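# Here's my sequence, what's the structure:
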Amino acid sequence: MKGVMSKAAKDVLEIPTPVWESAETKEELEDWLLVQNPKLIRQLRRIRTEEDAAGKGQSLKEVARRWNINL
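As a prediction, the model looks like this:
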């Protein structure tokens with residue numbers, strides 16, 4: 001789904017119809033939006049590969065707090 005997050009107009013976000021129709025809760029839609037965020041994905045991968053390998057990993061709670069995610 002590359003390019004799905006493109007802006008059609010300022011402050012307008014395109015969400016594919018199948019995603020919109022299959023989301024049963026607001027949280028499911030938020031989850032989909034979060035995984036579409038390349039910056040978040042890069043940070044999570046960096047944490048996994050670099051910091052965890054060095055024993056300096058951040059807790060899920062800390063990452064969630066930084067990204068304003070309610071667990």
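# where's the residue most central in space within the chain, which helix or strand?
Per Cα atoms, centre = their mean, the C-alpha nearest to the average position across the chain is that of residue 34, at 2.1 Å. Using DSSP states H and E, residue 34 sits in helix 26-35.
# on that earlier part again, just the element for the nearest residue to the residue nearest to the centre of the chain once chain neighbours are set aside, please.
Once flanking residues are discounted, residue 34 sits nearest to residue 40: 6.1 Å by Cβ to Cβ, 6 or more residues apart in numbering. The way it works is simple: take the backbone N, C-alpha and C, and place the C-beta from them, glycine included. Using DSSP H and E, residue 40 sits in helix 38-46.
# buried stuff in that helix?
40, 44 (16 or more other Cβ atoms under 10 Å).
# Need the distance between the two termini of stretch 55-67.
End-to-end distance for stretch 55-67: 22 Å, by Cα to Cα, to the nearest Å.
# Roughly how far does the residue nearest to residue 34 sit from residue 68?
11 Å (Cβ to Cβ, to the nearest Å).
# repeat for residue 20
Residue 20 is 22 Å from residue 68, by Cβ to Cβ.
# Could you check which of these two is surrounded by more residues?
residue 20 (10 against 6; other Cβ atoms under 10 Å).
# Alright, that wraps it up for me.
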